[in-house]
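Colleague: okay, sequence plus prediction incoming.
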Amino acid sequence: QVVYVQEHCSDRKWELASQARPVSTRVLGSLTMPLDPALKQLQIKVGTVKRTKKEYEAYVKEEVVQRAKIETMKAENQDEADIKKQMEVLNETLTVLPDTRHRLQKYASELRDYLAENHKDIGLAGSGEQPEEGADAEVQAVLEGRQHLREVDHLLGTQTADEEPGDSAAGTGGTADVGDF
């Protein structure tokens, strides 16, 4: 089946476009078959957790790198003004870490609640299930979401209700003051 889009085209442009190349339904899938609103909501929630987790990990990594850089500068007796400038950079990182951690916890909680309410029968309790190739998009999104929740729990040192009790890693909250450094 071939689908043409005639929006915003003059008759002459439409004639040329329809002769030049047809557009498949795959390219215009959203025009012929709209995405399920529940699946879209799930994908948004999973994407939000994924993006915020990546952001939090980057800030934690930046904190470690900055602390090491300051230590090296102090060991090499570099200019005090340069060290102070790097400490300001570290303070900026330490300032955004708690907010990012809070947002990550909030988004993870929202995703966890959404999954518990709408998808409680798919991929529970650290089952290690991986989405099969060609599996339903909804199942893939649920499994991906559960995997991200496990990673967030490990990163933040939290535990979800659907996991076995065990060792929990202590997460950094970025609450240390540079003066404690």
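Modeller: That came in fine, so what should we check first?
Colleague: when you work out contacts or count neighbours from here on, use the C-alpha atoms and nothing else.
Modeller: Will do.
Colleague: report the buried residues of the helix or strand containing residue 63.
Modeller: Using DSSP states H and E, residue 63 falls within helix 37-75. Neighbour-count burial for helix 37-75 flags 42-43, 45-50, 52-53, 55-57, 59-60, 62-63, 66-67, 69-70, 73 (criterion: 16 or more other Cα atoms under 10 Å).
Colleague: and the following helix or strand past that helix, what does it pack onto?
Modeller: Downstream of helix 37-75, the next assigned helix or strand under DSSP H and E is helix 80-118. Applying 3 or more Cα pairs under 8 Å, 6 or more residues apart in numbering; DSSP states H and E, one finds that helix 80-118 makes contact with helix 37-75, helix 137-156.
Colleague: what would these look like in TSV with mean pLDDT and distance to residue 82?
Modeller: Compiled in TSV, the helices and strands packed on helix 80-118 are given as follows (pLDDT from 0 to 100; distance: least, Cα to Cα, whole Å):
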stretch	mean pLDDT	distance to residue 82
helix 37-75	94	8
helix 137-156	92	32
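Colleague: save those as TSV, and put in distance to residue 94 too.
Modeller: Shown next, in TSV, are these (distance: least, Cα to Cα, whole Å):
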stretch	distance to residue 94
helix 37-75	7
helix 137-156	16
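Colleague: the helix holding residue 63 to helix 137-156, inter-axis angle?
Modeller: 30 degrees (axes from the mean of the first three to the mean of the last three Cα atoms, to 10 degrees).
Colleague: and the angle for helix 37-75 with helix 80-118?
Modeller: Per the same axes, to 10 degrees, the angle that helix 37-75 makes with helix 80-118 is 160 degrees.
Colleague: can you list the helices and strands that helix 37-75 packs against?
Modeller: So helix 37-75, by 3+ Cα pairs under 8 Å, 6+ apart, packs with helix 80-118, helix 137-156.
Colleague: before we move on, back to that, between the helices and strands packed on helix 80-118, which gets nearest to residue 111?
Modeller: Taking Cα to Cα, helix 37-75 is the member of the helices and strands packed on helix 80-118 nearest to residue 111, at 5.8 Å.
Colleague: ok, residues contacting stretch 111-124?
Modeller: Outside stretch 111-124, the residues within contact range by Cα atoms under 8 Å, 6 or more residues apart in numbering are 42, 45, 46, 49, 129, 139, 142, 143, 145, 146, 149, 162.
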